[in-house]
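Asker: with the input below, show me the fold.
(one chain, ligands or ions: 1)
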Amino acid sequence: MDRGILVLNSGSSSLKFALYREAKEALALAAQGEIEAMMTQPRFAAHDEKGAELAKHAWKAPIDAETGFRFVLAFVEKAYADVRIVGAGHRLVQGGTRYHGPALVDDEALTYLDGLSLLEPQHQPPEVEGVRAIRRIHPDLPQVAVFDTSFHRTMPEIAQLYAVPKSVRDEGVRHWGYHGTSYDYINRTLPKYDPSARRVIVGHLGSGASMCAILDGKSIATTMGFSGIEGLPMGTRSGAIDAGALLYLLRRKLYDDKSLQHLLYEESGLKGLSEISNDVRTLLASDAPEAKQAIDYFVYQIVFFAGAYTALLGGLDAIVFTAGIGENAASVRAGVVKQLAWLGLELDEAANKKNGPLISTGASRVRAWVIPTNEEIMIARHTLTLVDKKR
Ligand code: ADP
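Answerer: Sure, this is the predicted structure:
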């Protein structure tokens with residue numbers, strides 16, 4: 001019987017799962033699926049590794065995470081009777097100052113993670129509840145939490161600070177950084193392409209977008225800060241904005257805390273700037289000057305941080321583009337690479353059009369790469385490693 005790892009992502013209205021099975025000492029995707037609209041009309045669908053549909057189900061009334069996961073586990077146990085699930089790996093957004101890497105979760109850890117909920121009230125509570133739900137169903141199944149923040153705990157203390165009094169910093173107001181699982185994956189994958197790259201900038205450019213400076217395999221700076229708003233503009237998130245402007249909007253009572261949150265997370269970024277779409281594909285296909293300006297602002301901010309991070313790294317060996325936009329939007333990459341020509345970066349136009357992997361020329365002093373990210377397999381690998389360590 002092959003060993004299997006379940007990778008779980010619990011949201012406030014959806015549960016996503018992926019089953020990885022161990023074959024020839026490597027983990028490979030076997031199935032993935034989702035329960036959507038848990039709070040209204042829940043629907044389950046699962047597909048195999050090639051995308052062929054395996055199963056579907058619908059409920060007439062809302063369900064909770066435990067009911068959803070019982071269904072998922074029953075499906076997996078029946079459809080993959082030759083796989084023995086040895087661990088569950090959960091994606092969690094916040095690991096606080098305690099977790100500098102993935103960790104096995106017990107009751108004491110869950111209490112600590114609950115305590116971080118106020119920092120990330122949208123994501124952390126359903127993610128912690130997902131771990132609890134699996135514990136109720138399978139109390140003895142080892143469970144591992146993989147945190148978006150932990151990859152950045154290697155950042156020098158100075159990079160984690162905000163210049164506010166200690167009493168405020170002690171409330172958790174610090175530069176946490178996110179997308180850590182994606183950076184971890186790229187950091188472990190890049191040496192296969194570019195073994196000598198020590199000073200690296202990675203752009204995780206998806207509907208959420210951030211950048212990370214990695215020196216000798218460790219994060220030293222990242223654009224997302226206390227929350228997932230800071231740094232680059234995103235599909236619908238603003239990116240960096242002067243806190244004084246937010247105080248102004250509150251003072252004038254144009255917004256309150258709820259509507260301001262909605263503005264900054266849902267109505268800003270590429271969507272807010274263009275007033276056309278949050279999707280880069282739509283913007284690139286549009287002739288509207290607002291669409292062009294939104295993309296130009298996105299590229300401008302990437303170039304801005306690339307310059308800053310090159311200074312922090314003391315030079316640059318490689319830049320990596322990943323996630324939906326980074327992996328697919330050749331013109332966005334071209335815009336960034338061309339504006340970094342002063343660094344000795346030279347674009348290979350043909351390779352860039354084909355999405356890489358290497359998109360810089362042989363003469364380029366800095367290498368530019370397109371490497372698809374894979375957060376799920378990273379979670380599966382960490383989970384198996386910790387399960388094996390525990391035994
Ligand atoms: P998520 O954060 O939701 O996982 P992704 O990493 O999948 O996001 O990125 C989604 C975004 O990638 C889309 O909103 C779109 O802007 C962009 N994208 C996807 N495919 C393409 C493409 N072929 N060309 C340009 N942009 C693309």
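Asker: what residues does the residue of the stretch 151-300 of the chain found nearest the ligand make contact with?
Answerer: Relative to the ligand, the nearest point of the stretch 151-300 of the chain is Gly206 (2.5 Å; Cβ to the nearest ligand atom). In this view, the C-beta of every residue, glycine as well, is placed from N, C-alpha and C. Neighbouring residues of Gly206 by Cβ atoms under 8 Å, 6 or more residues apart in numbering: 323-326.
Asker: closest to Met155 out of the residues you listed?
Answerer: Closest approach between the contacts of Gly206 and Met155, by Cβ to Cβ: Ala323, at 20.6 Å.
Asker: so who does that closest one touch?
Answerer: Residues counted as contacts of Ala323 (Cβ under 8 Å, 6+ apart) are 182, 204-206, 209, 373.
Asker: distance check, the residue most central in space within the chain against Val93.
Answerer: Relative to the mean C-alpha position of the chain, the nearest C-alpha, by Cα atoms, centre = their mean, is the one of His179, at 3.5 Å. To Val93, His179 is 10 Å away according to Cβ to Cβ, to the nearest Å.
Asker: do Ala65 as well
Answerer: Counting by Cβ to Cβ - Ala65 and Val93 are separated by 16 Å.
Asker: these two: who's more crowded?
Answerer: The neighbour count for Ala65 versus Val93, taken as other Cβ atoms under 10 Å, is higher for Ala65 (23 against 20).
Asker: which outside residues touch the top helix by length along the chain?
Answerer: Across the chain, the longest stretch assigned as helix under DSSP state H is helix 289-313. The contact list for helix 289-313, computed with Cβ under 8 Å, 6+ apart, reads 199-201, 203, 205, 209, 211, 213, 215, 220-221, 223, 231-233, 239-240, 270, 273-277, 280, 282-284, 286, 316, 319, 331-332, 335-336, 339-340, 343.
Asker: equivalent analysis for stretch 46-60, please.
Answerer: By Cβ under 8 Å, 6+ apart, the residues outside stretch 46-60 that reach it are 28-33, 41-45, 71, 75, 79.
Asker: can you list the residues you listed in a markdown table and add secondary structure, distance to the ligand and neighbour count?
Answerer: What follows is the contacts of stretch 46-60, written out as a markdown table (DSSP: H, G, I helix; E, B strand; the rest coil; distance: Cβ to the nearest ligand atom, whole Å; neighbours: other Cβ atoms under 10 Å):
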| residue | secondary structure | distance to the ligand | neighbour count |
| --- | --- | --- | --- |
| Ala28 | strand | 21 | 14 |
| Leu29 | strand | 16 | 17 |
| Ala30 | strand | 21 | 20 |
| Ala31 | strand | 19 | 23 |
| Gln32 | strand | 14 | 19 |
| Gly33 | strand | 16 | 22 |
| Gln41 | coil | 22 | 12 |
| Pro42 | coil | 21 | 22 |
| Arg43 | strand | 19 | 15 |
| Phe44 | strand | 20 | 21 |
| Ala45 | strand | 18 | 15 |
| Phe71 | helix | 24 | 18 |
| Phe75 | helix | 24 | 19 |
| Ala79 | helix | 26 | 15 |
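Asker: could you identify the most distant pair in the residues you listed?
Answerer: Ala28 and Gln41 (33.0 Å).
Asker: the ligand contacts on the stretch 201-350 of the chain?
Answerer: Residues of the stretch 201-350 of the chain found near the ligand (Cβ under 6 Å from any ligand atom) are 206-208, 235, 279-281, 323-325, 328-329.
Asker: Glu327 and Asn352 touch, don't they?
Answerer: No. Counting by Cβ atoms under 8 Å, Glu327 stays clear of Asn352, with 11.8 Å between them.
Asker: most neighbours, which of the residues of the stretch 201-350 of the chain next to the ligand?
Answerer: In those, the most neighbours by other Cβ under 10 Å go to Ile325, 26 neighbours.
Asker: residues contacting the residue nearest to it when sequence neighbours are not counted?
Answerer: Closest residue to Ile325 apart from its sequence neighbours, by Cβ to Cβ, 6 or more residues apart in numbering: Leu205 at 4.0 Å. Listed by Cβ under 8 Å, 6+ apart, the contact set of Leu205 reads 232, 302, 321-326, 329, 332.
Asker: look up the closest residue to whichever residue of the chain sits closest to the ligand, ignoring the ones flanking it.
Answerer: Nearest to the ligand, among the residues of the chain, is Gly324, at 2.0 Å (Cβ to the nearest ligand atom). The shortest distance from Gly324 to any non-neighbouring residue, by Cβ to Cβ, 6+ apart, is to Gly206 (4.4 Å).
Asker: returning to that earlier point: so what's in contact with His179 and Val93 at the same time?
Answerer: Counting by Cβ under 8 Å, 6+ apart, the contacts common to His179 and Val93 are Asp148.
Asker: name the helices or strands packed onto the helix or strand hosting Leu247?
Answerer: Counting by DSSP states H and E, the element that carries Leu247 is helix 243-251. Judged by 3 or more Cβ pairs under 8 Å, 6 or more residues apart in numbering; DSSP states H and E, the packing partners of helix 243-251 are helix 257-266.
Asker: how big is the angle separating the helix it packs on from helix 243-251?
Answerer: Angle between the axes of helix 257-266 and helix 243-251 is 140 degrees (criterion: axes from the mean of the first three to the mean of the last three Cα atoms, to 10 degrees).
Asker: show me how far stretch 57-65 is from its chain's centre.
Answerer: 27 Å (Cα atoms, centre = their mean, to the nearest Å).
Asker: quick check: the closest residue to Phe147 other than its chain neighbours vs Gln261, distance?
Answerer: In this structure, Phe147 finds its nearest non-sequential neighbour in Gly95, 3.2 Å apart by Cβ to Cβ, 6+ apart. Per Cβ to Cβ, Gly95 is found 23 Å from Gln261.
Asker: neighbour count winner among those two?
Answerer: Ranked by neighbour count (other Cβ under 10 Å), Gly95 and Gln261 place Gly95 first, with 26 against 15.
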